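Student: structure, please.
(2 chains)
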Amino acid sequence: MNYDIVIVGGGPAGLAAAIEAKKEGAQSILVIERDRELGGILQQCIHNGFGLVVFNEELTGPEYAQRFINELKKYEIEYKTDTMVIEITEGKIIKAINSVDGLMNIQAKAIILAMGCRERTRGAIAIPGFRPAGVFNAGTAQRYINMEGFMVGKKVVILGSGDIGLIMARRMTLEGAQVLAVAEMMPFSGGLTRNIVQCLDDFDIPLKLSHTITRIKGKDRVEGITLQKVDDNLKPIPNTEEEIECDTLLLSVGLIPENELSREAGIEIDLLTNGPSVSESMETSIDGIFACGNVVHVHDLVDFVTEESRRAGKSAAKKVLSQNNDKNRMIETKALSGISYIVPQRIDLKNCNETIPLLMRVKNVYHNAYLVVKADGNEIMKVKRKHLAPGEMERIDLKKESLLDDYSNLTIEVREIS
Amino acid sequence: MIDIAIIGAGVIGTAIARELARYDLNIVILEKDNDVSNGTTKANSAIIHAGYDAPINSLRGILNTRGNEMFDQICDDLSVPFKRVGSLVVAKTEDEVKTINELYANGLKLKVPNMRILNKEEILRMEPNLNKQIISALYAPTAGIVEPWELAIAYCENAMDNGVELKLNFEVKTIEKKEDHFIINSGCEEIKSRYIINSAGVYADKIYNMVTDSDFEIHPRKGQYFLLDKEAYGLVKHIIFPSPSEMGKGILLAPTVDGNIIVGPDSEDLGKNMKESIDTTTDRLNYIKESIKDICEIVPYKVNITTFAGLRAEPSNGDFIIEISKKVNGFINVAGIKSPGLSSAPAIAEYIVNLVKSLTDLTENIKFSPHRRKRIKFMELSDHDKNALIKENPQYGRIICRCEMITEGEIVDAIHRNAGGRTINGIKRRVRPGAGRCQGGFCGPKVMEILSRELNLPMESIVQENKASVILTGITKVGE
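Tutor: Now for the predicted structure:
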């Protein structure tokens, strides 16, 4: 099998990349999806709030996905569901298997990685106690409830105030469960403000900041948890224990880009994002392999995934069509004080349009601060923000004209306004 | 009438059942839980010890050395992965050097083969990631690693293939001694058996007390562990022990046969009634982290997959209690099987067969087959074989677990074998979906669906582990 572009993952990132690559003129495109339907995690996100940026209207997750699935079908782009990619080799051969075709070796001219992310687990944060049933990753609980049609518990505590945790607090409440508390180890929430208001405040669910769970009780099914305050170093403070009786613990303690395939293929991974380091065209360290969406860095809004993935699709198509292998000089980006990461990690000015989107997260909550962009130490841009929080991705559109050809690095930092 | 009832389906009970299945006997295994290997067998260091450290003339010493040498054959017959990776007991001080030299001398007396004392240079060449203050080590190349639950499951499956019956959810409540048999009652079922073998792990004292005043007590000794992602594989290639202390062999660092890294256990004596205390605790986990620095200072806990605790069956007299009861005719105790219990399991089974022979004449079961049907590991097949298998059974083309790359075909096979998996964790122990880095986040619902379909049970009745470990609490959006 031979294709111009093979896309690994049929979620929002893969779909948008495929469609854009087709529009750009790539001929043969294959999307490979491991689940039984296209759409990825959007299919279980039945709440609304998707599409405000891309479509200027409010859609549910499945509705948002369906628009792309319809377009994919309109463009007659090939796809395979229930198909797992098991390896990507050096020569851009993709090994994939499913029940119908067996083991396939698919030769691609370009590859776009769009595998998304997975949830951090209880084990990763080593919560002590028993190991009963009733401890779920929030996303797994969401799948059981929204896709399989089953409830996972009646009295619920949620650890972590990431967006999935917040959404699930509301979802469980609407399904008749009692959500007793959402505990967050940090002194601020990791989720979007709108989700805190709509999912917790509106239902009188307490958000316990600077709290964590230090014990899980119940040998067979969860019977309760111990909630404890943490100090500035995130260490539990003795004698602040609070026992809560519950039958379910949902965890929303972070998402990790899923890069097993990327690592095995030898793609360079940025330790700050846990995703491939990419150029402004979303090209990874391996020529002709692109990446987009949550596999690169975890997004808050699918709309931004779509935008980023369209860029990846377009670049991959250009690459295949022009056979352009010119290596240009790159400007490296670097996160300085207050910034946890920047995507892209490098910029080829020759490939840039008028504006260059820079995506980043801050490390802390700031009120009234500047995001300061410097090139080779020279301040070239400064944007004021009333509010910055780690839970909300920041975007700066940098004007191409503000960069000189011979710059070699670009830094961003937070500067508080006193 | 049953000939022999074995109480407890851990690695000891199942090993005994399988060895006794070589004879014409009616055998039943009674297990209180809903799966085999559910107690001590599922949560320990997964080590086959070389056998240098038990006192000479102790049952532990004799049976460990014998058990160790039996492992290649047993694992080959039962198709259970086993690797002789070798072990190092490391020393940082002159006192510790003295200790390992004593161990070496003890090992020689117990006939442990091929041991060597290594110098610093040799140690660092073999294990570059160890603490640089280590100056000497006892190297025992015959030590190995195995998945203990897989061994117990394989023993049980092979025993059942050869006619042994397994009764799950059979918790022995009372035992009545009659003239020439016992009546064993679970509250809802009664079994008559001529002999009883008590391999009930931490509950062996409780079981023995049902027929007489037990002359031993079993105290649970808790040990906690970290299990690290396969990303950490290669951190150490051998099983690494510190110099032993009076509390046991100490906290070890070792690869597992499936490619993870295990760190633990600590050692905490519990009251004799705390037989279900398998919870982990912050202070103990921190203590393990601190202690292991003596061996290795760069253990990457950031790739921790899970923490767990297990209970060793610590006998009041310090040695294995394997004997025909002097007080109750026809009752055999296999109790206090603490470390090196797993390593000794094949030898204990052999020992028990001889004890049974002293009670009754045994005739050979001519239909006995020692081999367990090999488990297909799809990802280990060649491309050609993968394709052929998918053509023959398309379920092998559907990957359910993305972390460990396990196919639907492998899961379905694990359900339908003798001693098959009936629970989410039962499937995890047999074929590993959920044992990887997502810990079942993605594959959990799919495994549940397969179990529900194959066993013809509603989704809500599929449990994680024991009967009460309910996962789903009902359906959504129930109308009034």
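
Student: what residues are up against whichever residue of the stretch 51-200 of chain B sits closest to chain A?
Tutor: For the stretch 51-200 of chain B, the residue closest to chain A is B:Asn169, as judged by C-beta to the nearest C-beta, at 13.5 Å. Bear in mind the C-beta positions are built from the backbone N, C-alpha and C, glycine included. Going by C-beta atoms under 8 Å, 6 or more residues apart in numbering or on different chains, B:Asn169 touches B:Glu31, B:Lys32, B:Asp33, B:Asn34, B:Lys467.

Student: relative to B:Lys32, how far out is it?
Tutor: To B:Lys32, B:Asn169 is 7 Å away according to C-beta to C-beta, to the nearest Å.

Student: repeat for B:Lys173
Tutor: 10 Å.

Student: now restrict the contacts of B:Asn169 to buried residues only.
Tutor: Buried by 16 or more other C-beta atoms under 10 Å in any protein chain shown: B:Glu31, B:Lys32, B:Asp33, B:Asn34, out of those.

Student: do you know how far the residue nearest to the first one when sequence neighbours are not counted is from B:Tyr396?
Tutor: With C-beta to C-beta, 6 or more residues apart in numbering or on different chains as the criterion, B:Glu31 has its nearest non-adjacent residue at 3.8 Å, and that residue is B:Ala9. From B:Ala9 across to B:Tyr396, the span is 29 Å (C-beta to C-beta).

Student: what about these two, which has more around it?
Tutor: Neighbour count, other C-beta atoms under 10 Å in any protein chain shown: between B:Ala9 and B:Tyr396, B:Ala9 has more, with 33 against 25.

Student: picking up where we left off before, mind listing which of the buried ones among the contacts of B:Asn169 are in helices?
Tutor: In helices, defined here by DSSP state H, there are no members of the buried ones among the contacts of B:Asn169.

Student: turn those residues into TSV, columns for pLDDT.
Tutor: Below are the buried ones among the contacts of B:Asn169 laid out as TSV (pLDDT from 0 to 100):
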residue	pLDDT
B:Glu31	98
B:Lys32	97
B:Asp33	97
B:Asn34	95
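
Student: in chain A, which helix is the longest?
Tutor: Longest helix in chain A, counting by DSSP H: helix A:302-322.

Student: which strands or helices does that one pack on?
Tutor: Applying 3 or more C-beta pairs under 8 Å, 6 or more residues apart in numbering or on different chains; DSSP states H and E, one finds that helix A:302-322 contacts strand A:2-8, helix A:12-23, helix A:61-74, strand A:102-113, strand A:289-291, strand A:355-362.

Student: the host helix or strand of B:Arg312 near chain A at all?
Tutor: Secondary structure assigned from DSSP states H and E places B:Arg312 in strand B:304-315. Yes. With C-beta under 8 Å from any C-beta of the partner chain as the criterion, chain A is reached by strand B:304-315 at B:Asn304, B:Ile305, B:Thr306, B:Thr307, B:Phe308.

Student: what lines up beside that strand in the sheet?
Tutor: strand B:218-228 (antiparallel) (DSSP bridges).

Student: ok, then the element right after the strand it pairs with?
Tutor: strand B:239-241.

Student: quick one: mean pLDDT for that next one?
Tutor: Mean pLDDT, strand B:239-241: 98.

Student: just the residues contacting it, thanks.
Tutor: B:47, B:85-90, B:127, B:130, B:143, B:145, B:249-250, B:252-255, B:295-296.

Student: those, buried ones only, as a ChimeraX selection?
Tutor: Here is the ChimeraX command that selects the buried residues among the contacts of strand B:239-241 (16+ other C-beta under 10 Å):
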select /B:47,85,86,87,88,89,90,127,130,143,145,249,250,252,253,254,255,295,296
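
Student: is B:Asp77 in contact with B:Ser369, as I believe?
Tutor: No. When contacts are counted by C-beta atoms under 8 Å, B:Asp77 is not listed as touching B:Ser369 (9.2 Å).

Student: what's the overlap in contacts for these two?
Tutor: B:Asn158.

Student: who has more neighbours out of these two?
Tutor: B:Asp77 (15 against 12).

Student: which residues touch that one?
Tutor: Neighbouring residues of B:Asp77 by C-beta under 8 Å, 6+ apart: B:Asn158, B:Pro370, B:His371, B:Arg372.

Student: list just the nearest of these to chain A.
Tutor: For the contacts of B:Asp77, the nearest to chain A is B:Arg372 (26.8 Å; C-beta to the nearest C-beta).

Student: contact partners for the closest one?
Tutor: By C-beta under 8 Å, 6+ apart, the contact set of B:Arg372 is B:Asp77, B:Leu78, B:Ser79, B:Val80, B:Ala154, B:Glu157, B:Asn158, B:Asp161.

Student: what about 7 Å?
Tutor: B:Leu78, B:Ser79, B:Ala154, B:Glu157, B:Asn158 (C-beta atoms under 7 Å, 6 or more residues apart in numbering or on different chains).

Student: does A:Phe188 lie in a helix or a strand, and which?
Tutor: With DSSP H and E as the test, A:Phe188 turns up in no helix or strand.

Student: from chain B, how far off is it?
Tutor: 23 Å (C-beta to the nearest C-beta, to the nearest Å).

Student: can you check A:Lys154 too?
Tutor: 6 Å.

Student: surely that residue touches A:Val179?
Tutor: No. With contact defined as C-beta atoms under 7 Å, A:Lys154 does not reach A:Val179; the gap is 10.3 Å.

Student: what about the two, which has more around it?
Tutor: In this view A:Lys154 and A:Val179 are compared by other C-beta under 10 Å, and A:Val179 has more residues nearby, 25 against 15.

Student: please identify the helix or strand for that one.
Tutor: Assessed by DSSP H and E, A:Val179 sits inside strand A:178-184.

Student: buried sites along that strand?
Tutor: In strand A:178-184, counting by 16+ other C-beta under 10 Å, buried: A:Val179, A:Leu180, A:Ala181, A:Val182, A:Ala183, A:Glu184.

Student: which helices and strands does it pack with?
Tutor: If contacts are counted by 3 or more C-beta pairs under 7 Å, 6 or more residues apart in numbering or on different chains; DSSP states H and E, strand A:178-184 sits against strand A:155-159, helix A:163-174, strand A:207-209, strand A:211-217.

Student: give me the mean pLDDT for the third one.
Tutor: The reference is to strand A:207-209. Strand A:207-209 comes out at a mean pLDDT of 97.

Student: ok, now the first one?
Tutor: When the per-residue pLDDT values of strand A:155-159 are averaged, the result is 98.

Student: relative to strand A:178-184, how tilted is it?
Tutor: 10 degrees (axes from the mean of the first three to the mean of the last three C-alpha atoms, to 10 degrees).

Student: can you list the strands that strand A:155-159 pairs with?
Tutor: Strand A:155-159 has these strand partners (DSSP bridges): strand A:178-184 (parallel), strand A:248-251 (parallel).

Student: let's see the last one as PDB, backbone CA atoms only.
Tutor: Taking Å, rounded to 0.1, in the frame of the first residue of the first chain, the C-alpha atoms of strand A:248-251 are listed here in PDB:
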ATOM      1  CA  THR A 248     -16.200   6.700  43.900                       C
ATOM      2  CA  LEU A 249     -13.000   8.600  43.200                       C
ATOM      3  CA  LEU A 250     -12.500  10.200  39.900                       C
ATOM      4  CA  LEU A 251      -9.000  11.400  38.900                       C
END
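
Student: what's that strand in contact with?
Tutor: For strand A:248-251, the surrounding residues in contact (C-beta under 7 Å, 6+ apart) are A:122, A:134-138, A:141, A:152-153, A:155-160, A:165, A:168, A:216, A:222, A:225.

Student: which residues are in contact with the helix or strand following that strand?
Tutor: Note on strand A:248-251: by DSSP H and E, the next helix or strand toward the C-terminus is strand A:255-257. Outside strand A:255-257, the residues within contact range by C-beta under 7 Å, 6+ apart are A:Cys117, A:Arg118, A:Glu119, A:Arg120, A:Thr273, A:Asn274, A:Gly275, A:Asn294, A:Val295, A:Val296, A:His297, A:Val298.
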